[in-house]
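1. dropping a prediction and its sequence here:
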Amino acid sequence: MLFNSSATAREDASGGHAPARTAQALCRLLPPGSAVVVGCGDGVVGRLHGASAEAPEWLQALVAQTLAATELPPSTTPTVLHVHRTAEGACVVIGAQVRQPLDAAYRTAWCEAAVAFGLNLLDTERMRARIEGLEKSKQLQQALYEIADLAGADLEMSQMLQRVHAVLESLMYAENCYIVEYDEDQQSMRFLYFSDRHDDFVADPEQTYFLRDMPHSLTVGLLRHGRAVRGPSEQVRERLQVGYNAEHGPESRDWLGVPMLREGRVCGAIVVQNYDYALRYTDADRALLAYVAQHVQTAMDRRHAQVQLERRVHLRTQELQRANRDLQDEIQERKRAETLQLALFRIAELAIRSESLQQFYTEVHAIVGGLIDARNLYIALLSDDDTMLEFVYSVDEFTPYRPQRRRGRGLTEYVMRVRRPQLLELPDIDALLAQGEVQEYGQRPYSWLGVPLFDEGEVIGAIVVQSYIAKVRFTEHDQRLLTFVAHNVGSGLARQRAQERLRLAHAELEQRVDERTRELAEVNEQLLAQIAERWRAEQRLTHQALHDALTGLPNRSHLLDRLSEAISRARGGGRTFAVLFLDLDRFKLVNDSIGHAAGDEMLVQVAKRIVSTIRGQDVVARLGGDEFAVLTPCEHGLDGARELARRLLHVLGQPMWVAGRELFPSGSLGIAAWHPRYHNGEEMLRDADAAMYRAKAQTQDRCVVFDEAMREAALRSLDLEADLRRAINNRDFEPFYQPIVRLRDGEVIGHEALLRWRHESRGLLVPSQFIDLGEESGLIEQVDWLLYAQVIRRLAQSEGGYVSVNVSPRHFRSPDFTERLFGLIDTAGADPRRLRVEITEVALLDDAPRTLTILQALRERGVLAQLDDFGTGFSALSYLHRFPISVLKIDQSFVAGLQDEGSTGSHALVRGILALASTLGIETVGEGIETEQQLATLRELGCDYGQGYLLGRPAAAPQLL
């Protein structure tokens, strides 16, 4: 490019290419076929260039060089090269290539006109520069006003600095910015503000970082340097003699830091940086940031001063409030003493005038409630023989009625046993329970206060208050109050109980007569009630046995009974029928995301929709979970069943509100029509279930009818499963080994063990022919362990490179995977460093903490991990750096794309994966290399190793190890 970037930027800002238009206008004054280049400049606007159409590059270069030099070049190729310099330092250079000679007069006139054009262009640009300077000054002044206003605003420091950042962005490129406060005495700093879209560092303004702990930080280098620094971060590190540490953030394309000064001493810094090749900070940006930095520092000082003033005012206010509280406490204490004295007098009076014990208890409760929080209070008394505990009075939020019980080890008995008041918090109660001192009865309180009641020195009971909320806690003061009250209550209670016994003795005689009279009538009524209740219970049990408790629909047993009846009728020549098997799509997601209660609510709504859709002669049942079935007559073939299935899927697909959320359910449906081969309902449900899974596999919200092809496929799958079980018992599996080659020299450095099954009739089978069945039946783990054992034994018997085995996520969920694998290695005497495990991205995401623990345990023994099929997942990039992965295996789908030279997408993806691996220090293997083009491209891109048919096909062990 012949023109500098500053000129281009100025031309774009002016809305057009003024020098080029000037050159074009001058060119029109010359003979056809001519070309003109105009260059002009001075100390204000810099250098400007413009060329007419078809101007050759050598002419443009010559004008640019002449404008930059102080003298004419030694040789001039064009017909015209005219230079005009003014006393003020302006310069105009006109270069022209003329196809026909010009006479001297015309040439002189044309050059003078060209110079006039150039000087006019400079005048215009000077005016534009002045206007831009004024606008920038105005913008800077407004920004400083805003910063000054922010210092006095009622904002938190973080909010103020966020607003300052916004103001700074209006003046220059400052998307990535942070501000630190520096304590020179402590040699520490705090990140008061941090915003960077490429750095995931989260700044805590309250956390202090000591400079000695961050020797590789550019910020520390800037604070110690004490002067503004600008440039790419790598160059800045060299200038400040600071090393690199990835923990301090990524490298930036341009970095600008300015210290903030207070009385000539560094007290902080403000830093901006960018990661874009096209953007660079200038000296003007540095001067602007330094200017703004001092105003920011002034604003921060004002803010700190305001905060300190507010803190002093707050402390003084607290002192006054504390003195006021002390005075109020003294007044309150006197009032409590008077209240207590009055309460004790009232209790003594109650013991004399109360007409009944219940009235006595109630009024005692009211008196205690005037002293402390007694919303939950009870009085417990021992029986005359000390074996029973009776709760003679109880008012409680959770246990309003407390039945009489045998004296045990409750909290009430505990306070009577220790014979002194007990103030217990929840942790104290837990400790007593753990020690076996007490036994739990009823709701456990947050705070419990109990005081024993005495009569002539003997414990006769206890009075207790308790709290079930955390904000109500009893104190030692409350304990003293209740102890005073309990002393008087015990004495008064003894008198009241003696009087009550006399009243009860008289009442008991009269009651016995009445009770004896009613006894026979009550026995008869109870007998009739028991008979009626037993009949109702039998009806409930019958209904519960045949119906689903959640939806009220018939259950599986009920449906099987109806199916048996329908099969019997069909065999006797009655009407045929079909079974529709419905399963909700992604129902587990509802349970896992918004809870099982929401899932139950959804099932109830689905059941109602199904019931509203079926006909009166149909039978609908819930089979369990999210599975439903419908028994429907088919008098005219399967058309009616298909139409019913269509209506069910339609009504099911309507939105529904569950737990405050709008859900869009869908389902998959299978149909099994009656056929004489069916002997019972379970067989029909099995085939309808199989058809439903076929529908779910095709696409959700579909219906499939079970046919003969599906039946044959099921039988084949059943036979293959039987063969698989026999093969496990016969150990018909063996590993085939495919070489892994170092691409730079072609040396084989290891192999991948690939599973093969020597089927007795079908020959050698590859995993794709039986792996799905193995996963579904759960047999694949046994097959894997057979393979692992053979590979490890082969390692112990041979020498050479490593062998990698594939490990599915299922193994990582096993609690004894590593122990079992190490057992095979130790038993065989193999070197664990020659064994590697290959996992997929799914294993990383399935249970990340557990996977990390397993991989670390493997690495400690020397077993390295390789990430297989990398690039096919969608979340592993965010996890990759957290796991001890040694090798990335690039998926063969990306390698296949390297065959086409025009496939820029595959090249870019592979290049990105290799760059990521290089950054993380991970080796790479290209999978599925089948052509020389793919091999050459991988070498060129810097891939470490390769694997594929081009480099070596899988083979049995004797040829390889």
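-> Okay, I see it.
2. do a quick rundown of the strands in the stretch 151-300 of the chain.
-> For the stretch 151-300 of the chain, the strands defined by DSSP state E, counting those that start in this stretch cover 176-183, 188-195, 209-210, 229-231, 254-262, 265-274.
3. closest to L423 out of those strands?
-> strand 188-195 (44.7 Å; CB to CB). Backbone N, C-alpha and C define where each C-beta goes, glycine included.
4. can you name the residues in contact with the host helix or strand of K889?
-> Following DSSP states H and E, one finds K889 within strand 885-890. Here strand 885-890 makes contact (CB atoms under 8 Å, 6 or more residues apart in numbering) with 836, 838, 855, 864-871, 910, 913-914, 916-917, 920, 922-927, 943, 945, 947.
5. with stretch 551-563 instead?
-> So stretch 551-563 is contacted by 545-548, 579, 603-604, 607, 611, 619-624, 628-629, 631, 680-682, 684-685 (CB under 8 Å, 6+ apart).
6. picking up where we left off before, buried ones among the contacts of strand 885-890?
-> In these, burial by neighbour count holds for 836, 838, 855, 864-871, 910, 913-914, 916-917, 922-927, 943, 945, 947, counting by 16 or more other CB atoms under 10 Å.
7. the helices in the stretch 151-300 of the chain, which residues?
-> 157-169, 218-225, 233-240, 283-353 (DSSP state H, counting those that start in this stretch).
8. including mean pLDDT, could the ones you listed go into JSON lines?
-> Below are these laid out as JSON lines (pLDDT from 0 to 100):
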{"stretch": "helix 157-169", "mean pLDDT": "84"}
{"stretch": "helix 218-225", "mean pLDDT": "91"}
{"stretch": "helix 233-240", "mean pLDDT": "90"}
{"stretch": "helix 283-353", "mean pLDDT": "79"}
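9. so of these, which one's packed in deepest?
-> Comparing the helices of the stretch 151-300 of the chain by mean neighbour count (mean count of other CB atoms under 10 Å), helix 218-225 ranks first with a mean of 22.
10. which residues does L155 contact?
-> By CB under 8 Å, 6+ apart, the neighbours of L155 are R163.
11. let me fix that: V364
-> Applying CB under 8 Å, 6+ apart, the residues contacting V364 are 347, 350, 379, 393, 485, 489.
12. just want the angle from whichever strand or helix holds it to helix 283-353.
-> Assigned by DSSP H and E, V364 falls within helix 357-369. Helix 357-369 runs at 140 degrees relative to helix 283-353, counting by axes from the mean of the first three to the mean of the last three CA atoms, to 10 degrees.
13. the buried ones among the contacts of strand 885-890 in strands, which ones?
-> 836, 838, 864-870, 923-926, 945 (DSSP state E).
14. can you list the low-confidence ranges for the stretch 351-500 of the chain?
-> 351-355, 496-500 (pLDDT under 70).
15. and with 80 instead?
-> 351-357, 488, 490-500 (pLDDT under 80).
16. which stretches of the stretch 701-850 of the chain form strands?
-> Going by DSSP E, counting those that start in this stretch, the stretch 701-850 of the chain shows strands at 703-705, 733-742, 748-759, 763-765, 802-806, 835-839.
17. which residues are in contact with the last one?
-> Judged by CB under 8 Å, 6+ apart, the contacts made with strand 835-839 from elsewhere in the structure are 750, 752, 791-792, 795, 802-807, 809, 812, 825, 851, 858, 863-868, 886-887, 889.
18. equivalent analysis for the second one, please.
-> Contacting residues not belonging to strand 733-742 are listed as 727, 747-758, 783, 786-787, 790-791, 794, 801, 803-804, 925, 944-947, 951-957, 960-961 [CB under 8 Å, 6+ apart].
19. list the buried residues in that strand.
-> 733-742.
20. and if you look at the third one?
-> Taking 16+ other CB under 10 Å as the neighbour-count basis, strand 748-759 is seen to contain the buried residues 750-757, 759.
21. ok so, going back, can you list the buried residues of strand 733-742 in TSV and add distance to W110 and pLDDT?
-> Conversion of the buried residues of strand 733-742 to TSV gives the following (distance: CB to CB, whole Å; pLDDT from 0 to 100):
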residue	distance to W110	pLDDT
F733	93	90
E734	92	91
P735	88	94
F736	85	95
Y737	83	95
Q738	78	95
P739	77	96
I740	75	96
V741	72	97
R742	70	96
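22. now, which of those sits nearest R711?
-> Nearest to R711 among the buried residues of strand 733-742 is F733, at 29.4 Å by CB to CB.
23. partner residues bridging the closest one?
-> With DSSP bridges as the criterion, F733 is bridged to W757.
24. R758 versus that one, what's the distance?
-> 8 Å (CB to CB, to the nearest Å).
25. sorry, back to before: for M260, which of the helices of the stretch 151-300 of the chain is the nearest?
-> Of the helices of the stretch 151-300 of the chain, nearest to M260 by CB to CB is helix 283-353, at 4.0 Å.
26. how near is T931 to I749?
-> 22 Å.
27. no wait, Q422
-> From Q422 to I749 the distance is 75 Å (CB to CB).
28. tally of neighbours for R265?
-> 10 (other CB atoms under 10 Å).
29. pull the contacting residues for the closest residue to it other than its chain neighbours.
-> Of all residues not flanking R265 in the chain, E184 sits nearest, at 6.3 Å (CB to CB, 6 or more residues apart in numbering). Contact analysis of E184 by CB under 8 Å, 6+ apart lists 265-267.
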